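Colleague: Sharing a sequence plus its predicted fold:
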Amino acid sequence: MKKAFRGLSVILALTLAAGIPGCSRNSPSSSTESASEKKVEQIDVFSGGTNTGGIVDDWWGKAVKDEIGVTFNLLPCGAGQAEQKLQAFMASGQLPDIIYFSDIKDIQNAIRGNMIVNLDDHMDKLPDVKKNVPKALQYSRDNLSNGTGKAYTVTNAVGPADIYDEVSWGPYLRWDLYQKIGSPAVNTVDDYLTILKKMQELEPKNKDGKKTYGISLFKDWDGNSMMMGTELGPIFGVDCGDQLAGAPFLQVDFTNGQTKNILDADSWYIKALQFYYKANQMGLLDPDSLTQTYATVSDKVKEGRVLFSWWPWFSSPYNTSDHTNADNPSGFAAVLPKNAKGEIPGDNNVGKKIGIAISSSTKKLDACLKFVNHVYSVEGMELAYNGPKGVVWDTDDSGKQAVTAQGWEYINDPNKELPGGHSLSGTGPFGSFGLSSAFINPETKEPISYHFWETTSEYNKAHQNKIQKSWSDTTGYLTTLDYVKAKKLYVEIPLAQSLLPTQPDDVSLAASRVGEIVKTDSWKMVFAKNDAEFQSYYNDMKTKAEGLGMKTVYDWSLKAWKSALASASKYQ
Amino acid sequence: MKKSNVGSMVFNIVNVTLFLIFTLICVFPFYYIFINSISDNSLAAKGAILLYPKGIHFENYVEVFKLKSIGSAAAVSVARTVLGTLLTLLGSSFLGYAFAKKEYWKRKFWYRYVVVTMYFSAGIIPWFVTMKGIGLYNSFLAYILPTVVSPFYVILFKTYIEQIPPSLEESVQLDGGGYAVRYFKIILPLSMPILATIAVFSCSAQWNAFLDTLLLVRDQELYTLQFILYQYLSETEALAAQMRSSQGTVGSAAANYVLTATSVRMTVTFVIILPILFVYPFFQRYFVSGIMIGAIKG
């Protein structure tokens, strides 16, 4: 017994001993570099747009350390817990050194609680911000300052529209199969269904023997309505909630400005549901659509089990070179309808709502200011968009920028690691770039990102894969963007889209209540067994939505859109 | 005679079959995770591995142990499980013992005061503000101090002690033993079953906890294994949440997310659940001994 007593007291002592080093966790996080003169400081960053955490130790982190002497500790925010964690920080009154806000309400609360720094007081340390994004700063002073008229946060992605070779909406079809069935023209939306049926008959199974489907949907991105139901309208310039998620249930035709409720019988949202319903009747729709997530569908696309895609980034996982440059090449390319007016991003001098801010309780104000300035400087964005100079790209003697041969390897292989760690994409300033990639570099007169350089165009022309070549030969244009711009098959998303006011609480609550009904009934309509069932679900959806407050939400959305249009004219 | 033999045979068959099915249902998820972690990665991603592994290799495990910060995360997880459980056992059991003593001043009031905290919780934000206020933000102590007194374990222990015959304690008391001596020499050794039970609960809770890491930790050195797993498994959910709340182009944000391969996630899952699977068998022998102690009336 005595031995047991002794043993227990030893354990207790060990416990206390182990606990004590845990107490002094708040070790000083600024270290001095003995080799160089520069002092390196570490700052904590909190951003809802990331899903990793810890010290940023990849090529981007190291390059930023060399350039401005700042390293980063990214605070984790988990899946969908970012908002909760931010609220917890705000409740305690102390925010991490750098915060990225995505909700105007949070910004206003932070200003009211004196939790973020007034950037106007430090404009001398933010020269690039002042030089490059003056209109965005003004927007911030007018709208994101809780009435004080000072800039507390700066919005991101400021600059000309950054569309690369592909457009935001296609649709994109399996080009090889499309050619095999004779490349029929697409005059109406329903023509896609006949085309898909023939394509599915040509290739009913993929090379692993699994069934292929014309269309495969997913439901985990549904917000206040069935997200996939909002993807047909944008092909014709009509937005039913994809770009206008902040104005629930509002449909706006960007070509003529007309507005409508998405539950009206002739809205493009209902037309999309009818499109999917008909696809299901014809056996083109993946029955798993009702339950699967984006990750599952993405895998199916990679395996060649899906033949249709609204967006280029959705189908591009299939376009690897062992498919597109094979002896029997296969891959996705754009097949637009005759009277397409696809939505493409417009220029944005005001930035998207995601704003960067500095905590007023930070002990490393200089380091934070240096970082904020870096994210709005041309050099900083050159690094973030293109990778390190001398590794991925370089300037020749005449000052022209070009991607190096090694650089193309990094770009084309998403898994290849740069020296320093991590692949080229998937890292950078925490999911939020200060300047848009099309921002013009005043020295080179070309946009920052390598996508737009003249040298890149030349490279692309010489390196088209078989599918791209076939597409170019058929249409006569190098890229989908060239084609769309030349034939005027597009409409620009108006600036008002990023200037929608925040929803008041009663509207958001009503919107999510109505949204539940809209989502459930929309999916039921798509999988209805016959026209009568389709109609009955539609009637049910309309009646229930009206009962749950659709009018309140729609009236607010319409008013919000009109006020956004008015404020857009100020910053145009 | 014959009828009852047939009857009992039928009963046995049905009984064994039902429990076999039940066992399979319990064991299959672990088996599934295991075979997916050792199979060829592309097959696992397609979901082609169902009943038996194909293309067996152990590369995934090598890769997982090379992951940055998994070594320190493992150390932190083990430390908090061992230390946290020890502290919980000592703290909760001593308080349970105190509450079992009738001479405790205002015993009923204090007991109910402790128990009522089990029913009410103010929510995450007040909890966070409290923890920050008492200095437990970004500290290892935040993992082990809050659980030292747990009302549920206090109740368990108090109830268990109350059925230990008081004559055992009285004999030591007569010899001049104080509370501490009685507690460490008589009560604790006799309470092995209940201590083992509480230990199993506490080990599981400590090993599986990640919400405190998510909200209270800033330094990478304090990440636990469970938290690293959570980050991997929640990637797709994080992307979905981002999409739902994003007010801009759906596509460009997708490019910023890195989705790890299915097989790597399976491997990380398996590595993390393995240690806790061994806890119960280790403690099981303590359950058996001493369970009959209350039955013998002398």
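Modeller: Right, received. Where do you want to start?

Colleague: Give me the neighbour count for residue A:530.
Modeller: 10 (other C-beta atoms under 10 Å in any protein chain shown). To be clear about C-beta, it is placed using only N, CA and C from the backbone, and glycine gets the same treatment.

Colleague: what does residue B:285 give?
Modeller: 10.

Colleague: Roughly how far does it sit from residue B:234?
Modeller: Distance of residue B:285 to residue B:234, given as C-beta to C-beta, to the nearest Å: 38 Å.

Colleague: How about residue B:135?
Modeller: With C-beta to C-beta as the criterion, residue B:135 and residue B:234 are 29 Å apart.

Colleague: Comparing the two, which residue is more hemmed in?
Modeller: Set side by side, residue B:135 and residue B:234 show more neighbours around residue B:234, with 20 against 12, by other C-beta under 10 Å.

Colleague: Can you name every helix or strand that the strand ranked longest in chain A contacts?
Modeller: Across chain A, the strand with the greatest residue count (assigned by DSSP state E) is strand A:39-47. Strand A:39-47 sits against strand A:30-32, strand A:70-74, helix A:82-92, strand A:98-101, helix A:365-375, with contacts defined as 3 or more C-beta pairs under 8 Å, 6 or more residues apart in numbering or on different chains; DSSP states H and E.

Colleague: dump the residue contacts of residue A:226.
Modeller: A:219, A:273, A:518-519, A:522-523, A:526 (C-beta atoms under 8 Å, 6 or more residues apart in numbering or on different chains).

Colleague: and the residue lying closest to residue B:144 once chain neighbours are set aside, what helix or strand is that in?
Modeller: Once flanking residues are discounted, residue B:144 sits nearest to residue B:84: 4.2 Å by C-beta to C-beta, 6 or more residues apart in numbering or on different chains. Applying DSSP states H and E as the criterion places residue B:84 in helix B:70-100.

Colleague: In the helix or strand following that helix, which residues are buried?
Modeller: As assigned by DSSP H and E, the chain's next helix or strand after helix B:70-100 is helix B:107-116. Buried residues in helix B:107-116, counted by 16 or more other C-beta atoms under 10 Å in any protein chain shown: B:111, B:114.

Colleague: tilt between helix B:107-116 and helix B:70-100?
Modeller: Per axes from the mean of the first three to the mean of the last three C-alpha atoms, to 10 degrees, the angle that helix B:107-116 makes with helix B:70-100 is 150 degrees.

Colleague: Which other helices and strands does helix B:107-116 contact?
Modeller: Contacts defined by 3+ C-beta pairs under 8 Å, 6+ apart place helix B:107-116 against helix B:70-100, helix B:151-162.

Colleague: pLDDT on that helix, on average?
Modeller: Taken as a whole, helix B:107-116 carries a mean pLDDT of 91.

Colleague: And for residue A:413, the neighbour number?
Modeller: Quick note: residue A:413 (other C-beta under 10 Å) scores 13 neighbours.

Colleague: make that residue A:306, sorry
Modeller: Other residues close to residue A:306 by other C-beta under 10 Å number 24.

Colleague: pull the longest helix from chain B.
Modeller: Longest helix in chain B by number of residues (criterion: DSSP state H): helix B:2-38.

Colleague: Buried ones in the helix or strand just after it, by neighbour count?
Modeller: On the C-terminal side of helix B:2-38, the closest following helix or strand by DSSP H and E is helix B:41-46. Neighbour-count burial for helix B:41-46 flags B:41, B:43-46 (criterion: 16+ other C-beta under 10 Å).

Colleague: try stretch A:125-137
Modeller: A:126, A:128-130, A:132-133, A:136-137.

Colleague: Export the residues you listed to JSON lines and append columns for pLDDT, distance to chain B and secondary structure.
Modeller: Output for these, formatted as JSON lines (pLDDT from 0 to 100; distance: C-beta to the nearest C-beta, whole Å; DSSP: H, G, I helix; E, B strand; the rest coil):
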{"residue": "A:126", "pLDDT": "90", "distance to chain B": "25", "secondary structure": "coil"}
{"residue": "A:128", "pLDDT": "90", "distance to chain B": "23", "secondary structure": "helix"}
{"residue": "A:129", "pLDDT": "89", "distance to chain B": "21", "secondary structure": "helix"}
{"residue": "A:130", "pLDDT": "88", "distance to chain B": "25", "secondary structure": "helix"}
{"residue": "A:132", "pLDDT": "89", "distance to chain B": "20", "secondary structure": "helix"}
{"residue": "A:133", "pLDDT": "88", "distance to chain B": "17", "secondary structure": "coil"}
{"residue": "A:136", "pLDDT": "87", "distance to chain B": "15", "secondary structure": "helix"}
{"residue": "A:137", "pLDDT": "88", "distance to chain B": "20", "secondary structure": "helix"}
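
Colleague: Just send these back as CSV, with distance to residue A:487 too.
Modeller: Shown next, in CSV, are the buried residues of stretch A:125-137 (distance: C-beta to C-beta, whole Å):
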residue, distance to residue A:487
A:126, 43
A:128, 38
A:129, 39
A:130, 40
A:132, 34
A:133, 33
A:136, 33
A:137, 38
